[in-house]
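*Asks:* Predicted structure and sequence below. I'll ask about it afterward.
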Amino acid sequence: MRHGHRGHGFGRTGGWQQADLPDASDAPAWFAGRLPADWFAGPATLEIDRDEIVVLGELPLPPAEPARGDDAPAEDAAPAAVPQATREGIIARFRETTRPARMQIAQEAQARYGRNVAWGVLVDGERIMFTHLAVPVMTRLRQPERKVLDTLVDAGVARSRSDALAWTVKLAGKHAEEWLAELRTAMRKVDDLRTEGPSGL
């Protein structure tokens, strides 16, 4: 059976979300109500794409003991950093004590939004991921692009072409983060307009 011509334009119908996926626009509000209030120091941050919902929360740290000399008054002492071992212990405790609840919440979210759920925490500015989905992406590269990947492999920057491609994508995303954010916002607006449809009909 022959199908009609679909063209060769770039992008996806429906913008950054595929049409056959449940709408995840209310996921931040759902997680805000579903997550226990005492897990994080503030509201959790969500990162959402077509495959995965990443939940990130800031873990509260215990008050640090002031670092001061023997003769320095307490009010003048600078706060000391929380020891690395303390931070690691806080992360391990949170991971183990919340595991059953996180699994239950992830199952509910996956049924609701059709995406896997990954968990991570922020501790004193450091991001630690507990689980993360690695999705294989197939692509075809011409020789100039392959040479770029092979150079990274030969220089020891990456272990394989696959690692080199992931490295370049991260680098591109880092330098084009503002532009990509604007593009995602524009695509969400297009999705909203497409959903609303024309007025007056």
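*Replies:* Looks like it came in fine. Since this is a predicted model, take the numbers as computed values, not measurements.
*Asks:* So, low pLDDT: which residues of this protein?
*Replies:* 1-19, 64-80, 132-138, 199-201 (pLDDT under 70).
*Asks:* hey, which helix is longest across it?
*Replies:* The single longest helix within the chain, with elements called by DSSP state H, is helix 177-196.
*Asks:* How far away from the center of its chain is that one?
*Replies:* 18 Å (CA atoms, centre = their mean, to the nearest Å).
*Asks:* And residue 174, how far from residue 167?
*Replies:* Residue 174 is 11 Å from residue 167, where distance means CB to CB, to the nearest Å. The way it works is simple: take the backbone N, C-alpha and C, and place the C-beta from them, glycine included.
*Asks:* of those two, who's got more company?
*Replies:* residue 167 (14 against 8; other CB atoms under 10 Å).
*Asks:* Let me see the contact set for the more buried one.
*Replies:* 152, 157, 158 (CB atoms under 8 Å, 6 or more residues apart in numbering).
*Asks:* go with 6 Å
*Replies:* Residue 167 makes contact with residue 158 under the criterion CB atoms under 6 Å, 6 or more residues apart in numbering.
*Asks:* Please tell me how far it sits from residue 149.
*Replies:* Applying CB to CB to residue 167 and residue 149 gives a distance of 9 Å.
*Asks:* can you give me the strands for the chain?
*Replies:* Remark: strands assigned in the chain by DSSP state E are 45-48, 52-58, 66-67, 78-79, 116-123, 126-129.
*Asks:* wait, which of these is closest to residue 90?
*Replies:* Minimum separation from residue 90 across these (CB to CB) falls at strand 116-123, 6.6 Å.
*Asks:* In the longest helix of the chain, which residues are buried?
*Replies:* 187, 191 (16 or more other CB atoms under 10 Å).
*Asks:* same question, stretch 94-107
*Replies:* So for stretch 94-107, counting by 16+ other CB under 10 Å, buried means 94, 98, 102, 105, 106.
*Asks:* and what of stretch 160-179?
*Replies:* Those would be 164, 165, 168, for stretch 160-179 by 16+ other CB under 10 Å.
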